[in-house]
Each structure stands twice: as C-alpha cells, then as structure tokens.
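[1] Mind folding the following:
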Amino acid sequence: MVLVAGRGRECAREAIFQVLSDYFKVGSEIIVIEVGPDNKTKIKKVLKRASLAVLVVTNFGQIPLDKDFFAGEKKEVKDILQLAKNLSIQSWLVLNFDDETVREIDDETNLNTLTFGFQEGADFAASDIHLNSGTNFKINYKGNIIPCWLKGIFGKEQVYSALSAACVATIFDLNLVEVSQSLKKYRSLPGKMRLVEWKKGIELLDNSKGDNIFSLVEALDVLAGLEGFKRKIAVLGQVQGIEKYIPKAYQSIGERAAEKADLLFLFGPEAKFIAQGAARKGFDLEKIKQYDIIEQLKKDLEKETEKGDIILLNAPLAL
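    Modelled structure (predicted):
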C-alpha cells in the first residue's frame, strides 16, 4: 500500500501510479491512496490489511523557483507525523528532502526512509534539467545516473513527483531504467504545467491549477524558454495567497510577464495592476487586453490566436 500526502500529493500519486501500474496490478496487488481529511477512516481500514505500507510526503511549503530548500508549517505535518508513527516497523517513509519540515519527520520515527530532492544529500537527486518540448533531467541514486524525460510537462513539482515515483519503485524492487521508461508515459493532471494542443496548430501551457505566485513565475519562465512558436500569449488572473499584497504584487507580475510574453490577456479585478506593471516595463499597451467577463476573453482569444502560437493559461478558468 502506498499513501501519498502533502501539497503535491495529486501529481505525485499520478506519477507513482504510472510507474507501478506498468509492473503490478495497482488496486489489487498495490493500492495507491492520497491522504486527505476525507479518507482517514478508509486509510485506517486499509492499513490493517496491508503487509507493507509506504508513506510518501511531498511538500507542505510552497516550492520556490530560485532555491532548493524551503519549509512548511510544522502544524501542517501534525496528522502526517501521527500517521507515520502508527505504521508498522517494516514500513517505509519517502520524504521530500528539500522541505525541512517534511525531512524532519524521519527524526521522530524509526522507519526505513528514502529521500528525494534537488539538494545534495537526497537519496534520489535531480540534476541537469533542460526544457524543450518537455523536461529532461537526470536521476542520481547511489552513484547511478539515469536520464529521465517528461513529455509535455514542466515545473519543479513535476520533477519532485517523478523522483517520489522512483523512490517507491525502488522499494518494490524496480530498477531506475524501468522507472525512466515508465515515466515517459506520465501525463500528470490538467492544469499542472502541462503542454496540450488547444486548437489545431495552437499549443496551451495549462497551469490553471497553479496555486501560488511561485508557480506563476515558473510558468512564465517556462513560456519564455520554449522555442519554435510564433507568439507567446499569457492569460493571467487572480493568484492565490497574495490578496493582501495588492496592487504591488500584481504589478510585479505584470513586469515579469512583459519580459516573457508577446501578448497579455488579463482577467478580473487584478488585471489593471498587472497591466500597470507591464506598461511600466514598456510593454505595448495595444497588446494588453483586460476583461471582467470571461466569455468575452475567450471569444477575443479565439479571434486573436494564430497557427504557431502558444498560450500560457494561469488564470483559474478553463478554455
């Protein structure tokens, strides 16, 4: 049984499921469950029947773009720590090494542990990251280095998810070559930094479920780094967690967007602040479109886009 907890549990679960399902009957031989407030009773029942439990803890802190260490709130890991303490002695912990709060769970348990992350010291470490039509990187484990390819998927959260899957696979006696092959088929979840075709000849970098400013900044950087597109269009709206910093934070978003995109479609009450920031960077005002009605934004976007364009969707809406 594999339990997946933390802020990044949804993507991690998908990556783990993808790898294990190539070699096991997931659902019968192995059960993969997200740990959330609504399924505590179910987890307790399943744990009683499980001969081997693996608890994967992704991250509780927000993942920063410019550094490989961070920390979540200690109160957030309280329930997960209690769950870890209740696991049998033969169980395993798989912990995000870069999140100090998650890493410290190992100090309060006596379980087998594997860690993953970008920092030196993680058991499974990512290195040599390159972006093209997806993410290329290397997994380093005990002196072994295996190239990995995530097709049409971007962002540190996705790399963390792949690393967590490698940890779990190793516990179930799979090797890194098998992990790498399986991860080529990993497609993640809609809205999680995923490249898909929006209309014929027009690509969509869908980050509509990016839930913080770090995710937005990373998405803009990914947009700027993708090559072979005619124009780069950013659709931006409200970002969770920065409401109290209006307007300054949104002006900063506008400044960054001005350096990464060729055209801006802005939605909601924050749009004027994003526009102000972009204008401050000298962005052409005629290339800034602001909307209060989402249906109108969609209509104009369909009229404006051309074959060869790529759209970054970072507003909490669907196209």
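
[2] quick one: Ile253 from Leu131, how far?
    From Ile253 across to Leu131, the span is 21 Å (CB to CB, to the nearest Å). (Glycine included, C-beta is placed from N, CA and C.)

[3] Ala318 now?
    25 Å.

[4] These two: which is more packed in?
    Per other CB atoms under 10 Å, whichever of Ala318 and Leu131 has more neighbours is Leu131, with 15 against 11.

[5] can you pull the contacts of the more buried one?
    154, 222, 225-226 (CB atoms under 8 Å, 6 or more residues apart in numbering).

[6] are any of those residues buried, and which?
    By neighbour count, with 16 or more other CB atoms under 10 Å, the contacts of Leu131 hold 154, 222, 226 as buried.

[7] what's the second one in contact with, if anything?
    With CB under 8 Å, 6+ apart as the criterion, the residues that contact Val222 are 131, 154-155, 193, 205.

[8] if I've got this straight, it is in a helix?
    Yes - remark: Val222 belongs to a helix, assigned using DSSP: H, G, I helix; E, B strand; the rest coil.

[9] could we number from 18 for the rest of this?
    From this message on, residue numbering opens at 18, which makes the last subject Val239.

[10] Would you mind measuring from it to Thr75?
    Separation of Val239 from Thr75 (CB to CB) stands at 20 Å.

[11] okay, now Val49: neighbour count?
    Using other CB under 10 Å, the number of residues around Val49 comes to 20.

[12] And for it, nearest residue in space, chain neighbours not counted?
    Using CB to CB, 6 or more residues apart in numbering and skipping residues adjacent in sequence, the residue nearest Val49 is Val19, 4.6 Å away.

[13] For the stretch 68-217 of the chain, just list every one of the strands.
    71-74, 109-113, 129-134, 141-148, 151-158, 161-168, 211-216 (DSSP state E, counting those that start in this stretch).

[14] Spit out the contact partners of Trp166.
    151-153, 197, 200-201.

[15] now those residues in CSV, with neighbour count?
    Rendered in CSV, the data for the contacts of Trp166 read as follows (neighbours: other CB atoms under 10 Å):
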residue, neighbour count
Gly151, 16
Thr152, 23
Asn153, 14
Ser197, 18
Leu200, 24
Lys201, 12
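
[16] Would you mind checking which of those is nearest to Glu319?
    Closest approach to Glu319 among the contacts of Trp166 (CB to CB): Gly151, at 26.4 Å.

[17] list the contacts for the closest one?
    Gly151 sits in contact with 166-171, 212, where contact means CB under 8 Å, 6+ apart.

[18] For the stretch 118-267 of the chain, give me the ranges with low pLDDT.
    260-262 (pLDDT under 70).

[19] try it again with 80
    228, 257-263 (pLDDT under 80).

[20] Now do the buried residues in stretch 188-200.
    So, applying 16+ other CB under 10 Å, buried residues of stretch 188-200: 189, 191, 193, 195-197, 199-200.

[21] One more: stretch 58-69?
    Applying 16+ other CB under 10 Å to stretch 58-69 flags 60, 64, 67 as buried.

[22] Repeat that for stretch 152-164.
    Neighbour-count burial for stretch 152-164 [16+ other CB under 10 Å]: 152, 154, 156-158, 163.

[23] which of these are the two that sit furthest away from each other?
    Applying CB to CB across the buried residues of stretch 152-164, the maximum distance is between Thr152 and Tyr158, 18.2 Å.

[24] now the helices for the stretch 118-267 of the chain?
    173-188, 193-200, 230-242, 265-277 (DSSP state H, counting those that start in this stretch).

[25] same for the first one, what does it pack against?
    Spelled out, it's helix 173-188. helix 26-38, strand 71-74, strand 109-113, strand 129-134, strand 141-148, strand 151-158, strand 161-168, helix 193-200 (3 or more CB pairs under 8 Å, 6 or more residues apart in numbering; DSSP states H and E).

[26] can I have stretch 257-274 written out in CSV, keeping just the CAs?
    What follows is stretch 257-274, C-alpha atoms only, in CSV (Å, rounded to 0.1, in the frame of the first residue of the first chain):
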residue,chain,number,x,y,z
GLN,A,257,-4.0,32.6,-4.5
GLY,A,258,-2.2,33.8,-1.4
ILE,A,259,-1.2,37.3,-2.4
GLU,A,260,-4.5,39.2,-2.0
LYS,A,261,-3.2,41.3,0.9
TYR,A,262,-0.3,42.5,-1.3
ILE,A,263,-2.5,44.1,-4.0
PRO,A,264,-1.5,46.1,-6.0
LYS,A,265,2.2,45.8,-5.7
ALA,A,266,2.4,42.0,-6.2
TYR,A,267,0.3,42.1,-9.3
GLN,A,268,2.3,45.0,-10.7
SER,A,269,5.4,42.8,-10.2
ILE,A,270,3.7,40.0,-12.1
GLY,A,271,3.0,42.4,-14.9
GLU,A,272,6.6,43.5,-15.1
ARG,A,273,7.7,39.9,-15.3
ALA,A,274,5.0,39.0,-17.9
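
[27] count of residues packed around Ala183?
    Using other CB under 10 Å, the number of residues around Ala183 comes to 30.
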